[in-house]
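Novice: Next one to model:
(2 chains)
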Amino acid sequence: MDDGTSQYYFTASMESGKTLCSLLKAIQFQEATVFCALPDGLKLTVEEGKCVQASAYVPAENFTEYNVRDDVDIIFKISLAVLSECLNIFGSCEESSLKMYYKGEGSPLLLVLQPLSMYNVMTDCEISTQTADSILELQDEDSAEVAMLVVKAPALLALLADIEKSSDVIELNLSPEHPNVTIVTYGMLDKSCIDLPKSSEMVQSFRCEKAVTLKYQLHHIRLIMKALAISTKAILRCSSNGLLLLQLKLEREDQKQMFSEFYIVPLLDD
Amino acid sequence: MSKGKAYRGGERDIILKVLSFFEKEIQKETYGPRLGEIYERELIISVGQNRDSDSTELETYIENDLCVGMKFRAVMMDSGPMREFSNIVTTISKLSKESVLRIADDKLYFIVCDESSGPTPLVLWCEIPQRIFFAEYQMVGLDNEHKDIYLGMNSGNLAKLLGTLKTAKSLKMKLTKKQCPCLTLEIESASSTSQQTRNVTHDIPVIVIPRKVWPELQEPKTPEPDISIELPLLKQLRTTIDRMKTMATEVVLWASAEGRLTLQIKTDMAKVSTRFKELRVEAFGGPIEHSDSEPESQVNEDTSKLCYCRVDAKKFSMFLSADQISHNKTVCKMVHKKLVILCLETEQDVKLQCFISGIVY
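Specialist: Numbering: from 1, shown residues only, chains lettered A, B, ... in the order given. Next comes the predicted model:
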């Protein structure tokens, strides 16, 4: 067969779709996602009201086979709910191999799934695709990074879980002085602070040149919790315009890594 | 009876728990329109030696013109059958709030009717041979021509009560007359703190179904199925259907004489097909005639060996909850486009049949 893959814009296969599925579930707070097959990996992006942008990034090395045509942009919109239901069609406790095919603009994304423990069953899915909307470019080249914090993801998750849900706003105070990081939330009558000095066991690295106070909607911050639950390491980056970037690393049993990324727009003082 | 007697520590806690359970139940449960009336439950708790004597039970007649002389009393002693019985009733209660219990000489039947009855009003037919399940079994019907007893009841209530059987030593079921006809369950459980046993009596109000309705409650005569094919593992099938039903309300079942079963959904968003192969085909009545206006058929397959039926995904998933019953054989019978019958048999000769009518546009 001559150049069998060239009739497809994109093909990929994976031995187990389970990790991919849990990664997608972690960013599944919007129905539609922009599916983008880059030469070095797969990227799916969702946006919440132009305030939060979350991406799942699966480097090509996670696939046993990964081919994209380099002369075209492979980008389309797809239902994330349908995609994750399809990946999960044999249930969450079943490991199943996954193949993906995409023929070209306007054609559906094809998935073929086969559970590893059963030989006599397979599922094929045709998920319809649409032209992608433009994705917000949140990263501003002119804004410098003012603070960077590397923490263990499970510890950060436990910390966020402790925060009172009724609070609307979360305040992040970052400073080169002790206690480096303070997380403040306001309740009806109270204010609560969590101090996180860089000497803390959960902090792996901390960098901050000058003190800065940033406010975010707690609801937005809480969107990262699902992703934190499956990740090992979290990197928080604040830029001078207040934009928060969270990069989460998910390590698979076989040492391969997948990532998720959240841009969160700050609240402005009124 | 030892009502009101002061119980020792551990025992009392358990009784209080039981009592509060019932308080909640009584507050929240009312019957649907078919059974008509709000019921009351009577709770009697007795401990160990102070049990009611059994001698008067068979004299407990239903003093109703309709059913003078009916008697029913059955006892289960082994945990295996009790668990099985509980699983069966739980499955039935998931299908419908109300069910009919038909008590015959050799078998117990559970019958569930579709509330919006169409061409196949029965949705479930379950036969339980009494000999394997019950240590004692006595019943007397109306008269020689009407030997059976038909009782309408809330199967959810029965399922909940049977759920408490896990630690029980014995279960006694009998037909009694309280404020209304009741199916009375006496559950004897071992006490965790003493040698004595604990008896809890539950009364489930029932409706004695009049003879004129009986003909509607017979085993449905279905058309000869076009295909009978072995089903894959029910648990696996159910997981897949449950994923599919989040995406679509209807699922198309394809069965081929070559041993393939395909579940397919189609929406604007996606088309998903799960194919099982190498399933045993028990019977095939083909060839099947297909018209042109049909859903897109399978690729590369001889359509004359293929039949399909479009069914409600939720209903299908509910029927698959029967995977809780430990079964040794499940078969899917299909009447092309019209009907799917799921049959389940257990080692104890329990037969369960679910009827799902096809959706035809």
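Novice: from here on, contacts and neighbour counts on C-alpha atoms
Specialist: Will do.
Novice: Helices of the chain, residue ranges please.
Specialist: All of this refers to chain A. Applying DSSP state H to chain A gives helices spanning A:18-26, A:80-87, A:153-162, A:218-222, A:225-230.
Novice: that's the other chain; I wanted chain B
Specialist: Using DSSP H, the helices of chain B run over residues B:9-28, B:79-95, B:130-133, B:155-162, B:234-245, B:313-320.
Novice: among those helices, which is nearest A:Ser175?
Specialist: Nearest to A:Ser175 among the helices of chain B is helix B:234-245; the distance by CA to CA comes to 48.0 Å.
Novice: near chain A, anything from that closest one?
Specialist: Yes - legend: contact between helix B:234-245 and chain A by CA under 8 Å from any CA of the partner chain is shown at B:236, B:239-240, B:243-244.
Novice: Least confident of those residues?
Specialist: Among those, B:Gln236 has the lowest pLDDT, at 87.
Novice: Per-residue pLDDT of B:Ile92, please?
Specialist: So, for B:Ile92, pLDDT stands at 87.
Novice: Just give the number of residues close to it.
Specialist: A count of neighbours around B:Ile92, defined by other CA atoms under 10 Å in any protein chain shown, yields 27.
Novice: gap between it and A:Leu110?
Specialist: For B:Ile92, the distance to A:Leu110 (CA to CA, to the nearest Å) stands at 38 Å.
Novice: Please name the residues that touch the residue most central in space within chain A.
Specialist: Centroid-nearest residue in chain A, with CA atoms, centre = their mean: A:Ser260, separated by 2.7 Å. By CA atoms under 8 Å, 6 or more residues apart in numbering or on different chains, the contact list for A:Ser260 reads A:23, A:54-57, A:227, A:247-250.
Novice: and the residues you listed, which two are the farthest apart?
Specialist: The span of these, defined through CA to CA, is set by A:Ala54 and A:Leu250 at 14.7 Å.
Novice: More neighbours: those two, which one.
Specialist: A:Ala54 (26 against 23).
Novice: Arrange the helices of chain B in TSV, one row each, with distance to B:Gln264 as further columns.
Specialist: Formatted as TSV, the helices of chain B follow (distance: least, CA to CA, whole Å):
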stretch	distance to B:Gln264
helix B:9-28	39
helix B:79-95	23
helix B:130-133	39
helix B:155-162	32
helix B:234-245	8
helix B:313-320	10
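Novice: Out of those, which is closest to A:Thr182?
Specialist: helix B:234-245 (42.8 Å).
Novice: Show me what that closest one packs onto, helices and strands only.
Specialist: helix A:80-87, helix B:313-320 (3 or more CA pairs under 8 Å, 6 or more residues apart in numbering or on different chains; DSSP states H and E).
Novice: Just the buried positions in it, please.
Specialist: Across helix B:234-245, burial judged by 16 or more other CA atoms under 10 Å in any protein chain shown covers B:234, B:236-245.
Novice: Switch these over to CSV; also include distance to A:Lys165.
Specialist: Output for the buried residues of helix B:234-245, formatted as CSV (distance: CA to CA, whole Å):
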residue, distance to A:Lys165
B:Leu234, 41
B:Gln236, 38
B:Leu237, 39
B:Arg238, 36
B:Thr239, 33
B:Thr240, 35
B:Ile241, 35
B:Asp242, 32
B:Arg243, 31
B:Met244, 33
B:Lys245, 32
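Novice: I figured B:Pro205 was touching B:Cys180, is that so?
Specialist: Yes - with contact defined as CA atoms under 8 Å, B:Pro205 reaches B:Cys180; the gap is 6.5 Å.
Novice: who's in contact with the closest residue to chain A within the stretch 101-250 of chain B?
Specialist: In the stretch 101-250 of chain B, the residue that lies nearest chain A is B:Thr240 (5.2 Å; CA to the nearest CA). Listed by CA under 8 Å, 6+ apart, the contact set of B:Thr240 reads A:89-91, B:274.
Novice: re the thing from before, return the most buried member of the helices and strands packed on helix B:234-245.
Specialist: Using mean count of other CA atoms under 10 Å in any protein chain shown, the stretch among the helices and strands packed on helix B:234-245 with the largest mean neighbour count is helix A:80-87, at a mean of 23.
Novice: Which secondary structure elements does that one sit against?
Specialist: Packed against helix A:80-87 by the contact rule (3+ CA pairs under 8 Å, 6+ apart) you find helix A:18-26, strand A:32-38, strand A:121-127, helix B:234-245.
Novice: and the angle for the third one with helix B:234-245?
Specialist: Which is strand A:121-127. 0 degrees (axes from the mean of the first three to the mean of the last three CA atoms, to 10 degrees).
Novice: Residue numbers of the stretch 101-250 of chain B in contact with chain A?
Specialist: Taking CA under 8 Å from any CA as the criterion, the neighbours of chain A within the stretch 101-250 of chain B are B:236, B:239-240, B:243-244, B:246-247.
Novice: Out of the residues you listed, which two sit at the greatest distance?
Specialist: Between any two of these, the greatest separation by CA to CA is 17.6 Å, found for B:Gln236 and B:Met247.
Novice: Please report the distance of A:Gly187 from chain B.
Specialist: Between A:Gly187 and chain B the computed distance is 35 Å (CA to the nearest CA, to the nearest Å).
Novice: wait, that residue sits on A:Ser167?
Specialist: Yes - contact criterion CA under 8 Å: A:Gly187 and A:Ser167 qualify, at 5.3 Å.
Novice: pLDDT below threshold where in chain B?
Specialist: Low-confidence segments of chain B (pLDDT under 70): B:1-68, B:115-120, B:291-301.
Novice: before we move on, the earlier item: with distance to B:Thr267 added, can I get the helices and strands packed on helix A:80-87 in a markdown table?
Specialist: Output for the helices and strands packed on helix A:80-87, formatted as a markdown table (distance: least, CA to CA, whole Å):
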| stretch | distance to B:Thr267 |
| --- | --- |
| helix A:18-26 | 21 |
| strand A:32-38 | 16 |
| strand A:121-127 | 9 |
| helix B:234-245 | 11 |
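Novice: Between those, which one is closest to A:Val146.
Specialist: Nearest to A:Val146, of these and by CA to CA, is helix A:18-26 at 27.5 Å.
Novice: Neighbours of the residue nearest to B:Leu279 when sequence neighbours are not counted, how many?
Specialist: Leaving out its chain neighbours, the residue that sits closest to B:Leu279 by CA to CA, 6 or more residues apart in numbering or on different chains is B:Gly259, at 4.6 Å. For B:Gly259, the neighbour count with other CA under 10 Å is 18.
Novice: show me what contacts B:Gly259?
Specialist: By CA under 8 Å, 6+ apart, B:Gly259 lies in contact with B:229, B:277-281.
Novice: Skipping its backbone neighbours, what lies nearest whichever residue of the stretch 151-270 of chain A sits closest to chain B in space?
Specialist: Closest residue of the stretch 151-270 of chain A to chain B, CA to the nearest CA: A:Lys226 (20.6 Å). Closest residue to A:Lys226 apart from its sequence neighbours, by CA to CA, 6+ apart: A:Ala26 at 4.9 Å.
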